[in-house]
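In: one predicted model, sequence on top.
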Amino acid sequence: MKRTTIAMMLFAALLIGSVPALALDLGAAIPMADKEMKATDGSMVSVESVAGEKGTLVVFSCVHCPYVKAWDDRMAAIANDAKKAGFGVIFINSNSTKKSPGDGLEQMAEQAKKQGYGFPYVHDANSEMAVAFGATRTPEAFLFDGTGKLAYHGTIDDNAQEPDAVEATYLKDAVMSLSEGNSIKMAETKAIGCSIKFAS
């Protein structure tokens, strides 16, 4: 699809207050990597500023989505382990506080503290990052390799509600594969979760 066509679709979607599912292709570079967003500790953080030698994990998340709540313990564990393994990590909340008042920085800070986030959790107040990534769900993970190319995109694992019944740990496996220099067996999965409440 030509860039002009994509741009027209995005513009039309913004006019009607929704965004089409145009997620990044595998191998794509990190979009808007230098865009600074306010983190729960008050600092300004960009994806570029947290990039790691092994790669960078970007997860679109939020506060109140039932899917995020169900996966949050596992997401935090995977993200914290990834950071220890040499990956940069950032969680992004792209929900508009006008449409989702419970997704402000104060509530995000409480969530980060409760879950033990050892990485920045930022608010994408105008939803620009979600649009640039083509993210539409919370949670939705984008894992980039050490050269900044997309290596995995999709969901966390195959069972949000029943941790003990999980059979496929997609994101965890992807992080481990990249960490060990191996190819990722399942590089794309369907992101399952709540819809992002885009600013419009």
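Out: Ah, there it is. From a predicted model like this one, the values you see are computed outputs, not experimental measurements.

In: from here on, just use CA atoms for contacts and neighbour counts.
Out: OK.

In: where along this protein do the helices fall?
Out: 3-15, 47-50, 66-84, 105-115, 128-133, 170-179 (DSSP state H).

In: may I see these organised as JSON lines, with mean pLDDT added?
Out: Compiled in JSON lines, the helices of the chain are given as follows (pLDDT from 0 to 100):
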{"stretch": "helix 3-15", "mean pLDDT": "39"}
{"stretch": "helix 47-50", "mean pLDDT": "98"}
{"stretch": "helix 66-84", "mean pLDDT": "98"}
{"stretch": "helix 105-115", "mean pLDDT": "98"}
{"stretch": "helix 128-133", "mean pLDDT": "98"}
{"stretch": "helix 170-179", "mean pLDDT": "98"}
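
In: show me the beta-bridge partners of the residue positioned nearest the centre of the chain.
Out: Centroid-nearest residue in the chain: residue 59, 1.9 Å away (criterion: C-alpha atoms, centre = their mean). Under DSSP bridges, the beta-bridge partners of residue 59 are residue 91, residue 141.

In: OK, contacts around it?
Out: Neighbouring residues of residue 59 by C-alpha atoms under 8 Å, 6 or more residues apart in numbering: 90, 91, 92, 139, 140, 141, 142.

In: most neighbours of all those residues, which one?
Out: Ranked by neighbour count (other C-alpha atoms under 10 Å), the contacts of residue 59 have residue 139 at the top, with 30 neighbours.

In: what about that residue, distance to residue 184?
Out: According to C-alpha to C-alpha, to the nearest Å, residue 139 and residue 184 sit 20 Å apart.

In: contact partners for residue 190?
Out: 154, 155.

In: state the pLDDT value of it.
Out: As predicted, residue 190 sits at a pLDDT of 97.

In: tell me how far the ends of stretch 22-41 are from each other?
Out: Per C-alpha to C-alpha, stretch 22-41 runs 31 Å from first to last residue.

In: buried residues of that stretch, list them for me.
Out: For stretch 22-41, a neighbour-count test (16 or more other C-alpha atoms under 10 Å) marks 23, 24, 26, 29, 30, 31, 36, 37, 38, 39, 40 as buried.

In: how about stretch 153-166?
Out: For stretch 153-166, burial by neighbour count (16+ other C-alpha under 10 Å) applies to 153, 154, 155, 156, 157, 158, 159, 160.

In: which members of those residues are positioned in strands?
Out: Per DSSP state E, strands hold the following members of these: 153, 154.

In: which among the buried residues of stretch 153-166 gets closest to residue 116?
Out: residue 156 (17.9 Å; C-alpha to C-alpha).

In: for that closest one, which non-adjacent residue is spatially closest?
Out: Nearest residue to residue 156 in three dimensions, chain neighbours excluded: residue 171, at 5.1 Å (C-alpha to C-alpha, 6 or more residues apart in numbering).
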